[in-house]
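Colleague: Give me a 3D structure for the following:
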Amino acid sequence: MNKVGILTISDRGAAGVYQDKSGPVIRQIITEKLHAEVVQTAIIPDELEGIKSTLLKWTDEDKLDLILTSGGTGFAPRDVTPEATRQVIHREAPGLVFAMLRDSLAVTPHAMLSRMVAGIRHQTLIINLPGSPKAARENLETILPALPHALELLKDDPAAAQHH
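Modeller: Model (predicted):
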């Protein structure tokens, strides 16, 4: 069973003044539709080093198969999730981002303001999702059909996965 981490990035959520609504939505989809096990969850502030250190721990130490982040992908000055993700991944997975943007643009023109990143570090797939529960659900459901195969490729043979 795939091991998943859900990282909510929100200053207000980390301070306890806002209840995380995206994390539970993502958890439900991952457990019910991907049939994976959520083994790590955290709510942290929009801070580059904190995001990076959490992603590094979850990939390098905890060896998670999939990490989904929620939040910090917009234009606001404190939105640094994509930058932190880029500093951690070895290879980008632009097709996942393209699919999410394509479907989101059909819903709202504001989707073009999203700066999501998806990529691979070792054998872990890291995907940025938007912070809103509705957008997080829509984006995750868009890429869900491809996730089992993606995770299988990363697990089975890292050498073979590099050729796709």
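
Colleague: got the contact list for the closest residue to residue 124 other than its chain neighbours?
Modeller: Once flanking residues are discounted, residue 124 sits nearest to residue 59: 4.2 Å by CB to CB, 6 or more residues apart in numbering. Quick note: C-beta positions are derived from backbone N, CA and C, even for glycine. With contact set as CB atoms under 8 Å, 6 or more residues apart in numbering, residue 59 has these partners: 67, 88, 121, 122, 124, 126.

Colleague: in the chain, which spans are helices?
Modeller: 11-15, 22-32, 48-56, 81-88, 94-105, 133-143, 147-156, 158-161 (DSSP state H).

Colleague: The last one - what's its average pLDDT?
Modeller: For helix 158-161, mean pLDDT is 50.

Colleague: The first one too?
Modeller: Along helix 11-15, the predicted local confidence has a mean pLDDT of 94.

Colleague: gap between that helix and the chain center?
Modeller: Distance of helix 11-15 from the chain centroid (CA atoms, centre = their mean, to the nearest Å) equals 18 Å.

Colleague: got a list of contacts for that helix?
Modeller: 18, 19, 20, 43, 44, 45, 46, 71, 78.

Colleague: among those residues, which one has the lowest pLDDT?
Modeller: pLDDT across these is lowest for residue 18, at 90.

Colleague: Contact partners for that residue?
Modeller: Counting by CB under 8 Å, 6+ apart, residue 18 touches 10, 12.

Colleague: So for the nearest residue to residue 135 once chain neighbours are set aside, what's the pLDDT?
Modeller: Nearest non-adjacent residue to residue 135, counting by CB to CB, 6+ apart: residue 104, 6.8 Å away. If you check residue 104, the pLDDT there is 97.
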